[in-house]
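A.B. asks: Quick one, what's the 3D model for this:
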Amino acid sequence: MKRPMAGLTLYYLAALASATDWTLSPIVVTGTGTAALLEDSPVAVQVLDRTTIENSQAATLEELLERMPGLQLKQTHGQSGASVMLNGLTEKHVLILVDGVPLNQANASGVDTRALKLADIERIEVVSANASALYGSAAMGGVIHLITRAPMEPAFEMGIQVRQAEADWARYPTQTDVDAHWAQPFLGGYSATSVAVTRYAGFDSEPDTWAEDEPHGLGWTLSQSWRYDGDRQHQVTGRWRGMALTLPGQHALTANPNERRTLEQFFSGQYQLEGEASRWLFNGQYASGLSEHDRLNTPDVDLERRYQAWNGAVDARRQTHWWNHEQIWGVRLSAAALAQQKIEPGSGEVDEIAPSDQVSLELYAQDDWFVTDRVELISGVRGHWDPDFGVFLAPNLASRIDLSARQFVRASLGLGYRVPDLKERFYEFDHSLYGYRVLGNPELQPEKSISAQLEWVLGDFSIEGFYRDVTDLISTDQVGTDDGGVTRHQYINIDEAEIRGVNLRAKTELGAHRFMAYGQWLHAINALTGDALPQRPEYLVDLSHQWSFHWARPQRLQTSLKRLGPQFYGAEETLPVDAYTQVNVSWGIELTDRFRLNAGVDNLSNVQSPSGGTADALPIRGRTYGVALRYTH
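C.D. replies: Sure, this is the predicted structure:
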């Protein structure tokens, strides 16, 4: 078990190891908020390093998480990309961070994982336990932390990848990804630039109809950062990302052809000042979006919506050490605003959402007590004040007990919370062309949870049980039908949801072969009605095998199998989905010291949604082929 040491000590130890022949366990920061060796962490953390990211051939966070054991991605009809499901809780309860900055904002309905490019990501850390005490609202289901590359020396790399869906050869290629990353000395430090562009050709499993299953268009990310390491570390980062997509469709009721065109852009900046015992983090973001719903048999655009969103935050944190204790003290002040306009022919522009804002003040503290060489106890609490909802407290207690050199137990118990975002309270998701609307609800109350986890680890095997009791869980329910047959849904608080399950993990290496296995059993119900919660498989099994070999050049062959149990789509256990199995195969070769080639087949078993993702949780594209080439210097 690790002893208390400053974060920079571990940082320099890792840097020294990389310059020698030492092999250290990865260093993680997300579980406890301080640097710790992965093998010593009192909180379970999964790590995907840069090599794993590149070998996966994933260009976006969505594609990478699809391959990660224990995570499920679910499609949301009418929205691009997929959202995350972790241990039975949705993307609204799983906080996604980039270098410590939350992407789940009070004026956003979720995080589009397809829009998050991986060109400048060094590693990803995933915590599946309740983390509200350390990370606040939206972390009661866990944390996914994207950590960008820290430029330490001049570097350049570039990659291109093409993919083709077997079910739609008329559009070639289905998806093209190009990215580049370079770093160079600048003003006494290092400057790093990353750019990634994705071209979507669209996807249509039924070319005889006007409607298509996936949009066509572009997605892009441009990021620029500068880092200086002196007595204190300074880092400034700016990002611009966006998507411009068009989705042909047919009215759900009249079958009239239409198009939905969207343009979304996000501009963000942050400054981080970090010393050995303190950190200041300033960040801000502006987002704008335009969506057009156009029936093709009319002369004008039938419906146009624009939105603008602003948010900013200041987070200050300090570490202290006393005897066998390591403490974190912090304060976070954040604000967000949202406005939305609607334009219809003959009606002009109207404010659908008058400018609305939300502010919060959060204070948090954590004590990491090394009771003995074998026992570690972490206690923490977070206080959250919001003028609309008052004060919430989220205490948490976690522990690790080493039973032997290869065997230990980890446990945690705590309260979590999530404040409704502005879109859930005021926004209108108008998909009338698809036959439904989703309305905001100003009367929503914050969600609250009691969470417990217990894990036993023996070497490379672990078994974990988890339990969550969520009160006032926010979901959608049908509340009526408009003239013309468009169903009307609204966000509501479910009285109580109960989620419990078991996770099994195992891995082993036999020479050049590496085997991994993961299994999950899940029970998630509405405690009021007894109905199962939608899009939550009863079980999940994930098996993978990687073979590293050398025939002329170093090569790698990886096969994975994922089986998802029965689930259903929609409310009140309607639209059942049978169990299904997906198989992925990939091969990689180092052509030279600087060029690497990867090729693979995703969804070799060719499981495909018969409804284009509108009435089931099955994959939309089916079997997909891919090839990628990367140059590193």
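A.B. asks: what sits against Leu444?
C.D. replies: Leu444 makes contact with Pro420, Glu424, Arg425, Ile474, Tyr491, Ile492, Asn493, according to CB atoms under 8 Å, 6 or more residues apart in numbering. No exception for glycine: its C-beta is placed from N, CA and C like everyone else's.
A.B. asks: In the stretch 151-300 of the chain, where is pLDDT below threshold?
C.D. replies: 251-255 (pLDDT under 70).
A.B. asks: Show me where it has its helices.
C.D. replies: Taking DSSP state H, counting those that start in this stretch, the stretch 151-300 of the chain contains no helices at all.
A.B. asks: Check the chain too.
C.D. replies: According to DSSP state H, the chain carries its helices in the segments 7-18, 50-55, 61-65, 132-135, 422-426.
A.B. asks: mean pLDDT for these: which is lowest?
C.D. replies: Across those, helix 7-18 has the smallest mean pLDDT, namely a mean of 38.
A.B. asks: wait, what's in contact with the spatially most central residue of the chain?
C.D. replies: Geometric centre of the chain, nearest residue: Ile96, 5.2 Å, by CA atoms, centre = their mean. Contacts for Ile96 (CB under 8 Å, 6+ apart) come out as Leu61, Val84, Pro102, Leu103, Asn104, Val111, Leu116, Val143, Ile144, His145, Leu146.
A.B. asks: Identify those among those that sit within strands.
C.D. replies: If you go by DSSP state E, the contacts of Ile96 have Val84, Pro102, Val143, Ile144, His145, Leu146 in strands.
A.B. asks: Just give me the closest of the residues you listed to Gly348.
C.D. replies: Pro102 (36.6 Å; CB to CB).
A.B. asks: so that closest one makes contact with Ala138?
C.D. replies: Yes: taking CB atoms under 8 Å as the definition, Pro102 is a contact partner of Ala138 at 7.0 Å.
A.B. asks: Most distant residue from the centre of this protein?
C.D. replies: Most peripheral residue of the chain (CA atoms, centre = their mean): Gly346, 41.0 Å.
A.B. asks: Next, give phi and psi for it.
C.D. replies: As for Gly346, its main-chain torsions (degrees, to the nearest 10) stand at phi 80, psi -10.
A.B. asks: returning to what we had before: closest to Glu292 out of the contacts of Ile96?
C.D. replies: Val111 (23.4 Å).
A.B. asks: Need the pLDDT of that closest one.
C.D. replies: On the pLDDT scale, Val111 gets 70.
A.B. asks: Kindly report the same for Gln535.
C.D. replies: We have a pLDDT of 84 for Gln535.
A.B. asks: ok, back up a step: could the ones in strands among the contacts of Ile96 be laid out in CSV, adding distance to Thr198 and pLDDT?
C.D. replies: What follows is these, written out as CSV (distance: CB to CB, whole Å; pLDDT from 0 to 100):
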residue, distance to Thr198, pLDDT
Val84, 19, 80
Pro102, 24, 84
Val143, 26, 90
Ile144, 20, 89
His145, 23, 90
Leu146, 17, 88
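A.B. asks: Can you pick out the most distant pair from these?
C.D. replies: Going by CB to CB, the pair spanning the ones in strands among the contacts of Ile96 furthest: Val84 and Pro102, at 14.0 Å.
A.B. asks: need the contact list for the nearest residue to His633 once chain neighbours are set aside.
C.D. replies: Spatial nearest neighbour of His633, chain neighbours left out: Phe156 (4.7 Å); criterion: CB to CB, 6 or more residues apart in numbering. Contact analysis of Phe156 by CB under 8 Å, 6+ apart lists Ala180, His181, Trp182, Ala183, Thr632, His633.
A.B. asks: what's the spacing between Phe156 and Leu222?
C.D. replies: Per CB to CB, to the nearest Å, Phe156 is found 16 Å from Leu222.
A.B. asks: what's the answer for Ile27, then?
C.D. replies: Separation of Ile27 from Leu222 (CB to CB): 29 Å.
A.B. asks: Ala517 contacts Leu504, doesn't it?
C.D. replies: Yes: at 7.5 Å, Ala517 and Leu504 qualify as touching, with contact defined as CB under 8 Å.
A.B. asks: number of nearby residues for the nearest residue to Val43 once chain neighbours are set aside?
C.D. replies: Spatial nearest neighbour of Val43, excluding adjacent residues (CB to CB, 6+ apart): Gly31 at 3.3 Å. For Gly31, the count of nearby residues is 24 (other CB atoms under 10 Å).
A.B. asks: List the beta-bridge partners for Val381.
C.D. replies: Beta-bridge pairing for Val381 (DSSP bridges): Ala365, Pro395.
A.B. asks: residue contacts, the closest residue to Leu290 other than its chain neighbours?
C.D. replies: Nearest residue to Leu290 in three dimensions, chain neighbours excluded: Leu263, at 4.7 Å (CB to CB, 6+ apart). By CB under 8 Å, 6+ apart, the residues touching Leu263 are Gly242, Met243, Ala244, Gly289, Leu290, Ser291.
A.B. asks: hmm, try it at 7 Å
C.D. replies: Ala244, Gly289, Leu290 (CB atoms under 7 Å, 6 or more residues apart in numbering).
A.B. asks: And these, which of them are buried?
C.D. replies: Using 16 or more other CB atoms under 10 Å as the burial test, those include Ala244, Gly289 as buried.
A.B. asks: The contacts of Leu263 into CSV, with extra columns for distance to Gln555?
C.D. replies: Formatted as CSV, the contacts of Leu263 follow (distance: CB to CB, whole Å):
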residue, distance to Gln555
Ala244, 38
Gly289, 44
Leu290, 47
